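Student: Pasted the sequence and its predicted model underneath.
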Amino acid sequence: MSRNAVITGIGFITSIGNSRADVVESLRSLRPGLERVEFLGNPNLPVKVAGAIRGFRTDSPHWRDWTYPAEYRPPRELLRSISPHGLYAFCAVEQALADAGLDRDSLCDGATGLYCASAGSAFFLHYHLAQMHAVHGERGNPMGLVASIAGTLNFNLAAHYGIRGAVGGFAAACASSSHALGCALDDIRLGRQDRMIVVGAEEVNAESVLPFAAMRVLTPNPDPQAASRPFDRARDGFVVSGGAACLIIEEAGAARRRGSPGYAEMAGWGQAADGHNVAVSHPEGAGLAEAMRRALADAGMNASEVAYVNAHATSTLAGDRSEALALRKIFPAGGGPRVSSTKGLTGHPLSMSGAMEAGFCALALRDGFVPGNANLADPDESCEGLDLPRQTVDSAPNTAMNNSSGFGGSNICHVLRSIPR
Amino acid sequence: MDATNQNTPKKPAPRVAEDATALLRHFAPEVRSAYARFAAAGAAEDADLVILAVIRDHIPEKSVHAATRLDDPVALVADLGFDSLAITEMIFFIEDLFQVSISNAEIMEVRTIGDLRAFIRSKLAGRAPAAPDATT
């Protein structure tokens, strides 16, 4: 018996909005969510812009100093053991549960699982280890470990919500929450779980941003409106962003029975690695092209059926070119899908990208629009033949693809299909 | 040696956290005042007031006793809903605040509010108390 999965709940704490309505408005009007920043009190750093996480003040390592929107009420038993991106994740999950019409009791039956993705909190890890060194290892905050390390999201959210099904974390850098979503889909199809909560979250602070500056992959552009420009010939690096995204996917029959038709069907996914370089995409996009082929095969679809591709393109020279060439392998020139990278608006929220952008695809499928490419003035020559709309298009795609790529050449592609209404 | 101190030697004041102001910034003014008095004079009752405030601050939200009196027989786990992590978190805070070191074996002996108050008092008493300032 085949089992299908649908997205029934979405939650966003993103640079372009902290609600589905705000995110849709930003996607439709191409309103970027970036802001000027200065890290470590050093105005000489070449990083001038980052994604904004509005409504939160989380720059202290002490949770009591944090401020966040009044509609969220995280208990102290959660706050004591999370870092800032854990707070964002909690807020996104709360949104998604309300959106799906689920209460907490319904998550504790063992049929619900939780997959999360983040890099952990380098900010918290640094703080707690510095404290440990300062007292020569004699004592430390007992919550420092579970608040800081990769896995902190699944540790905390599973305990808080009483999740008794499959729980785990994914660590494939910028492909991580795409891995989480793909494996969550498999768990539902295989009958292992009826419902999966998928979360990606990241912080925006010196510890999360500046290591990328050290790799020389961030733009020095100081203009928040124009700094992130995927596929554009003038792109010169990405803009780090963060926040949290949560998707709830459920077995389609079970979702229907409780009156939730869902946003879109998760029709398939595929993954393939480059086997090429620790941090640089394959120059011809070989791994990503294969991931797209596998995703289409998994969904039982032809490339000609795809109406929209949400590209991973982050605004780097090598990465965008690699993806453009991969897309041209899958979609021959003329009549291909519309392609856009929403990172021109959001910046690049690292491991939360995949879940966030799958959420964007689901909204596009349900609400009938294709996000445009913000800041795309002069497409790179590698994009020849690709349909890259400059403005958001009011058109109802019935199928969308969502690409993600991460360090080590991990490439993931999801296929989402609209639900007849 | 500073000549001005030769004729008015002081016993060392209690060791206190250098960043106590920051550690206690979310506490009520009377708690911060009590800590300041303890730092200056080392009176056990001032430390006791601070310890009770720290316990109250760490009571789990789910506790039904959160708003009740913290009498000595009240048990941290059975009555207040502390789990082992919450106790450890609170002990860490107390260690930092009073610059004491508390072992796992010592933590295991603490069951009630009274146990904890007595234990911390004994820890602090084991250190040199502050002498009154010569001018007072």
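Tutor: Ah, there it is.

Student: make it CA atoms for all contacts and neighbour counts henceforth
Tutor: Fine.

Student: what's stretch A:160-176 in contact with?
Tutor: Stretch A:160-176 is contacted by residues A:78, A:104, A:107-119, A:150-151, A:153-154, A:158, A:177, A:179-180, A:193, A:200, A:349-354, A:404-408, A:410-412 when judged by CA atoms under 8 Å, 6 or more residues apart in numbering or on different chains.

Student: got the end-to-end distance for it?
Tutor: Stretch A:160-176 has an end-to-end distance of 22 Å (CA to CA, to the nearest Å).

Student: Going by neighbour count, list what's buried in it.
Tutor: Going by neighbour count (16 or more other CA atoms under 10 Å in any protein chain shown), the buried part of stretch A:160-176 is A:161-176.

Student: quick one: low-confidence ranges for the chain?
Tutor: Unless you meant another one, I'm taking chain A. Within chain A, the ranges that satisfy pLDDT under 70 run A:1.

Student: not what I meant, chain B
Tutor: For chain B (pLDDT under 70), the answer is B:1-18, B:63-68, B:127-136.

Student: Show me where it has its helices.
Tutor: B:20-23, B:29-41, B:44-58, B:84-98, B:104-108, B:113-125 (DSSP state H).

Student: Could you pull out the buried residues of the third one?
Tutor: It stands for helix B:44-58. B:44, B:46-56, B:58.

Student: Please see if that helix touches chain A.
Tutor: No - for helix B:44-58, no contact with chain A is found by CA under 8 Å from any CA of the partner chain; the gap never falls below 8.5 Å.

Student: packing partners for that helix?
Tutor: Helix B:44-58 sits against helix B:29-41, helix B:84-98, helix B:113-125, with contacts defined as 3 or more CA pairs under 8 Å, 6 or more residues apart in numbering or on different chains; DSSP states H and E.

Student: Return the distance of the second one from the chain's centre.
Tutor: Taking CA atoms, centre = their mean, to the nearest Å, one finds the center of helix B:84-98 at 10 Å from the center of the full chain.

Student: what packs against that helix?
Tutor: Using 3+ CA pairs under 8 Å, 6+ apart as the contact test, the elements touching helix B:84-98 are helix B:44-58.

Student: Give me the angle between the helix it packs on and helix B:29-41.
Tutor: Inter-element angle recorded for helix B:44-58 and helix B:29-41: 140 degrees (by axes from the mean of the first three to the mean of the last three CA atoms, to 10 degrees).

Student: Which residue is the nearest non-sequential neighbour of the spatially most central residue of chain B?
Tutor: Among the residues of chain B, residue B:51 comes closest to the average C-alpha position under CA atoms, centre = their mean, at 4.2 Å. Closest residue in space to residue B:51, ignoring its immediate chain neighbours: residue B:117 at 7.0 Å, by CA to CA, 6 or more residues apart in numbering or on different chains.

Student: who touches residue A:328 in this structure?
Tutor: A:383, A:385-386.

Student: State the distance from it to chain B.
Tutor: Computed as CA to the nearest CA, to the nearest Å, the residue A:328 to chain B distance reads 54 Å.

Student: how near is that residue to residue A:410?
Tutor: Distance of residue A:328 to residue A:410, computed by CA to CA: 19 Å.

Student: where does residue A:210 fall, phi/psi-wise?
Tutor: Main-chain torsions, residue A:210, degrees, to the nearest 10: phi -70, psi -30.

Student: Actually, residue A:412.
Tutor: According to degrees, to the nearest 10, residue A:412 has phi -130, psi 140.

Student: Look at the residue nearest the centre of chain A and give its secondary structure.
Tutor: When CA atoms, centre = their mean is applied to chain A, the residue found nearest the centroid is residue A:353 (2.2 Å). Following DSSP: H, G, I helix; E, B strand; the rest coil, the label given to residue A:353 is helix.

Student: Confirm for me that it is in contact with residue A:200.
Tutor: Yes - using CA atoms under 8 Å, residue A:353 is in contact with residue A:200, at 7.4 Å.

Student: Looking at the helices of chain B, which is nearest to residue A:186?
Tutor: Across those, residue A:186 has its closest neighbour in helix B:84-98 (34.9 Å, CA to CA).

Student: Up against chain B, what does the stretch 151-300 of chain A have?
Tutor: Counting by CA under 8 Å from any CA, no residue of the stretch 151-300 of chain A sits close to chain B.

Student: And the residue of the stretch 151-300 of chain A closest to chain B?
Tutor: Going by CA to the nearest CA, chain B is nearest to residue A:160 of the stretch 151-300 of chain A, at 12.3 Å.

Student: for that residue, helix, strand, or coil?
Tutor: What three-state DSSP gives for residue A:160 is helix.

Student: same thing with residue A:295?
Tutor: Residue A:295 - assigned by three-state DSSP - is helix.

Student: Next, count neighbours for it.
Tutor: Residues lying near residue A:295 (other CA atoms under 10 Å in any protein chain shown) number 25.

Student: got it, and residue B:103?
Tutor: Using other CA under 10 Å, residue B:103 has 9 other residues around it.

Student: give me phi/psi at it?
Tutor: Per-residue torsions, residue B:103: phi -90, psi 160 (degrees, to the nearest 10).

Student: where's it relative to residue B:47, distance?
Tutor: Counting by CA to CA, the gap between residue B:103 and residue B:47 amounts to 20 Å.

Student: ok, back up a step: any chance you could list residues touching both of residue A:353 and residue A:200?
Tutor: By CA under 8 Å, 6+ apart, residue A:353 and residue A:200 have these common neighbours: residue A:177.

Student: now for the helices of chain B, which one comes closest to residue A:83?
Tutor: Between residue A:83 and the helices of chain B, the tightest spacing by CA to CA is seen for helix B:84-98, at 15.4 Å.

Student: ok and the closest one relative to helix B:113-125, angle-wise?
Tutor: For helix B:84-98 against helix B:113-125, the angle by the same axes, to 10 degrees is 30 degrees.

Student: List the buried residues for helix B:84-98?
Tutor: For helix B:84-98, by 16+ other CA under 10 Å, it's B:86-98.

Student: again, but for stretch B:107-119
Tutor: By 16+ other CA under 10 Å, the buried positions in stretch B:107-119 come out as B:107, B:110, B:112-117, B:119.

Student: can you list these in TSV and add distance to residue A:127?
Tutor: Formatted as TSV, the buried residues of stretch B:107-119 follow (distance: CA to CA, whole Å):
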residue	distance to residue A:127
B:107	26
B:110	30
B:112	32
B:113	31
B:114	34
B:115	32
B:116	29
B:117	30
B:119	30
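
Student: so which of those comes closest to residue A:372?
Tutor: Minimum distance to residue A:372 across the buried residues of stretch B:107-119 is 59.5 Å, recorded for residue B:107 (CA to CA).

Student: From chain A, how far off is the closest one?
Tutor: Separation of residue B:107 from chain A (CA to the nearest CA): 14 Å.

Student: Which of the buried residues of stretch A:160-176 fall within strands?
Tutor: Members of the buried residues of stretch A:160-176 lying in strands (criterion: DSSP state E): A:167-170.
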